[in-house]
Each structure stands twice: as structure tokens, then as C-alpha cells.
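J.: A predicted structure for the sequence below; I have some questions about it.
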Amino acid sequence: MTSVSLRAMFLGYGNVGKALRKMIKERGEKTGLNVKIEAVVNRSGIMLEDSDNFIKNKEGGPIDALNMTNPDVIIDVSSANYESGEPSLSLYREALSRGIHVVTANKAPLALRYGEIMDLAKKHSASVGFQATVMSGTPSINLLRLMRGLKIVKIRGILNGTTNYILTRMHQGLEYDQALKEAQALGYAETNPEHDVNGFDAAAKLTILTNFAMGLNLSIKDVVFSGIENIRKSSLKGKKVKLIAYSEGRFAKVSPEEITKEDPLYNVEGVMNALDIHSDIQEVVIMGPGAGPQNAAFGLFSDIVLITKGLI
Ligand SMILES: NC(=O)c1ccc[n+]([C@@H]2O[C@H](COP(=O)([O-])OP(=O)(O)OC[C@H]3O[C@@H](n4cnc5c(N)ncnc54)[C@H](OP(=O)(O)O)[C@@H]3O)[C@@H](O)[C@H]2O)c1
């Protein structure tokens, strides 16, 4: 197999970044991919080498690192900043304007400025891979890439594993607080779970998904969302409730909904995610893990492979 070489710069080097580096080392060659990590940037500065642990050897930020290395691809594995999308947004603008590809697990820039980013990429013949932003390594965005030619009319999904875990355990008899504590103890919920339980995280994913599926330019501000934080066991009365992300054209919302046994999302339990895509010809349902460093790394890895094959 002939191997394709790519020079990469990482923005962020936490759980997902490290898992991706490992995956590249372990699986890159077998996939015909030779990714060389030229720079890693975190909050403290720049590492101009490829190393297991971050060792700062240059001062500066993302744009400095971009100028120092002029990579083929930016891998964004930094934390989401929903206030401004920075520093990712400025880095994307600069990179895409130079024809440098972007592959990201960070939802914030695309949930805030999807249209601008895609227009810039198109103008400069650069690619943007963002499978990892929605359902991590379970094909959602990249499944839709295979469904070109169909008109996507409606999307329904369970896009947040934390809330699905809590609702599953509540259906099995736990109180909300018990289920949340259990999710935190198992590492499925953050110490501050606000963005998961109030529906914001699912809304960010729905924004990206709907834009890509339906050719729109929504921002997260266009999505109406509510969460599960006020649901109590006593109000469930044995019914099955799921946090459903729903869109039909420009109408996009996230809300808890009672679902019936006939619903394809009924048996999606625990931290699993699922997506039910309705097109003008057929309905497709896919289910799989939606989080975890290795799963997110696989989402990024699959985008890198698709870019080298000219499929993104
Ligand atoms: N973990 C998952 O299961 C998962 C799944 C799908 C998507 N994602 C997304 O993937 C991204 C990374 O997740 P993670 O779990 O790897 O997070 P993490 O372990 O907290 O790592 C975040 C990294 O981003 C860096 N960073 C944050 N703000 C920065 C800034 N302003 N400038 C430069 N670097 C900055 C941090 O640098 P410092 O080390 O200096 O703080 C750190 O290296 C997030 O956007 C997350 O939402 C994660």
C-alpha cells in the first residue's frame, strides 16, 4: 500500500489528543497514513516535536505554531469555548485561508460559525473534517457523506450519553440525584454536568448535524433546548423518557420526550447514542458510543483518512 504523508499540528493535547497520537502510531501505517506531528499547542505554549508528554520548547500561541510549521492539517482537540469559539476560530480562519485542512473534535467553532468556516474552506479548496463533534467515532457526519443525493427531511437523535445514562437508570428506579452521582462516579458525567443535563451539548451537536445534513447555516442560538434536570422519578410513572434532538429543516430543538416501544430509539440505553435519519427515499438508524477519548480519536482518524483519499 502506498502511504500518504501529512504534517499535522495539534491544538490541545488532553485525553483525546493523546489517544489520537497513539492511534496514529498504532494504526496509521496499516491504513496507508504517515502522519507526522510537527507541533502541539496548549495553554502554556508550543511543543515543536512529537512526544508522549507535552514539553514546552517554544513560547507562543496557535498562530505562532502555524507560522513556524506550515502544516498540512490542523487537528483541533482543544476544549470548547462557546463564548467566542477562540482560539480555534482564529486558527481555522488563518489555516483555511492558506488551504490547510482542519479536523476537529471541538464543537464550539462549528456550532457558532458553521457557514463562515465552510465558505472559507470551499473558497480555498481546503477540507474540514468534523465527524468527532457528533457521536465521536460512530459515523454520523461521515454516514451522511455516504447519503449524498438523498434529501434529508428529518433527524431525530440521542446525542448525549450522560443524559441517556441518567434517564436509563431513572427508568430502572433511581432518583435523579442518585443517577447523576452514579454517572459522575463512572466518569460518564463531569463534576459540573450543566452543559449535558440542560440540553446544551446535544443542541451544539444538533446544530452541526442539521447544517451538514440539510445544507443550512444555523447557529446554536437558533436551537431551542431544554434538559432533564427537572425530571423526577415520581413524574416518570414508569414511562420511558429520552432527551431527543430533533430537526426538520430550520426547526431544531432538544427536549425530553416520552417514547413508545415502536420507536427505533426506545432500546438505546446507557451511554449509547443513536441517530434516526429520514430521507426522501429511506430511513436509516445507527447506534454506537458517543464519547470516550478512543472513540473521539477514531472519529478524527477516520476524517484524516477520508481527507487523504479526497473524500472530504
Ligand atoms: N473526551 C471525549 O469523550 C470527547 C468526545 C468527543 C469530543 N470531545 C471534544 O474533544 C475536545 C478535547 O477533549 P478532551 O477530553 O481531550 O479534553 P481535555 O483532556 O480537557 O484536553 C483539552 C486540551 O485543550 C487545551 N486547551 C484548552 N484551552 C486552550 C487554549 N485556549 N489554547 C490552547 N489549548 C487549549 C488544554 O490545554 P492545557 O493542558 O494547557 O489545559 C488541553 O490540552 C473537546 O472539545 C471535547 O469537547 C471529547
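T.: Sure, I can see it.
J.: please pull out the lowest mean pLDDT helix or strand from the chain.
T.: Ranked by mean pLDDT, DSSP states H and E, the weakest helix or strand in the chain is helix 233-236, scoring a mean of 86.
J.: list the helices and strands it packs on?
T.: helix 161-171 (3 or more C-beta pairs under 8 Å, 6 or more residues apart in numbering; DSSP states H and E). Backbone N, C-alpha and C define where each C-beta goes, glycine included.
J.: helices and strands around the helix it packs on, which ones?
T.: Judged by 3+ C-beta pairs under 8 Å, 6+ apart, helix 161-171 is in contact with helix 176-185, helix 194-197, helix 233-236, strand 241-248, strand 272-279.
J.: pLDDT score for the closest residue to the ligand within the chain?
T.: Closest to the ligand within the chain is residue 14: 1.9 Å, counting by C-beta to the nearest ligand atom. Turning to residue 14, the model gives it a pLDDT of 97.
J.: from what I see, it and residue 76 are in contact.
T.: No - look at residue 14 against residue 76 with C-beta atoms under 8 Å: they stay out of range, at 11.9 Å.
J.: those two: which is more packed in?
T.: residue 76 (32 against 13; other C-beta atoms under 10 Å).
J.: residue contacts, the residue lying closest to the more buried one once chain neighbours are set aside?
T.: Closest residue to residue 76 apart from its sequence neighbours, by C-beta to C-beta, 6 or more residues apart in numbering: residue 104 at 3.8 Å. Contacts for residue 104 (C-beta atoms under 8 Å, 6 or more residues apart in numbering) come out as 75, 76, 77, 88, 110, 128, 129, 130, 132, 133, 300.
J.: would a markdown table of these with distance to the ligand be doable?
T.: Shown next, in a markdown table, are those (distance: C-beta to the nearest ligand atom, whole Å):
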| residue | distance to the ligand |
| --- | --- |
| 75 | 10 |
| 76 | 8 |
| 77 | 5 |
| 88 | 8 |
| 110 | 11 |
| 128 | 15 |
| 129 | 13 |
| 130 | 10 |
| 132 | 5 |
| 133 | 6 |
| 300 | 9 |
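J.: can you get me a residue count around the closest residue to residue 84 other than its chain neighbours?
T.: Leaving aside its chain neighbours, residue 84 sits nearest to residue 112 (7.9 Å; criterion: C-beta to C-beta, 6+ apart). Residue 112 has 22 neighbouring residues, counting by other C-beta under 10 Å.
J.: keeping just the C-alphas, turn the strand or helix carrying residue 112 into PDB.
T.: Under the criterion of DSSP states H and E, residue 112 resides in helix 108-123. Extracted in PDB, the C-alpha atoms of helix 108-123 (Å, rounded to 0.1, in the frame of the first residue of the first chain):
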ATOM      1  CA  ALA A 108     -17.800  25.200  19.600                       C
ATOM      2  CA  PRO A 109     -16.500  26.900  16.400                       C
ATOM      3  CA  LEU A 110     -18.800  24.900  14.200                       C
ATOM      4  CA  ALA A 111     -21.800  25.400  16.500                       C
ATOM      5  CA  LEU A 112     -21.200  29.100  16.400                       C
ATOM      6  CA  ARG A 113     -19.900  29.900  12.900                       C
ATOM      7  CA  TYR A 114     -20.600  26.900  10.700                       C
ATOM      8  CA  GLY A 115     -21.400  28.800   7.500                       C
ATOM      9  CA  GLU A 116     -18.300  31.100   7.700                       C
ATOM     10  CA  ILE A 117     -16.000  28.100   8.300                       C
ATOM     11  CA  MET A 118     -17.400  26.100   5.400                       C
ATOM     12  CA  ASP A 119     -17.400  29.000   3.000                       C
ATOM     13  CA  LEU A 120     -13.800  29.800   3.800                       C
ATOM     14  CA  ALA A 121     -12.800  26.100   3.300                       C
ATOM     15  CA  LYS A 122     -14.600  26.000  -0.100                       C
ATOM     16  CA  LYS A 123     -13.100  29.200  -1.300                       C
END
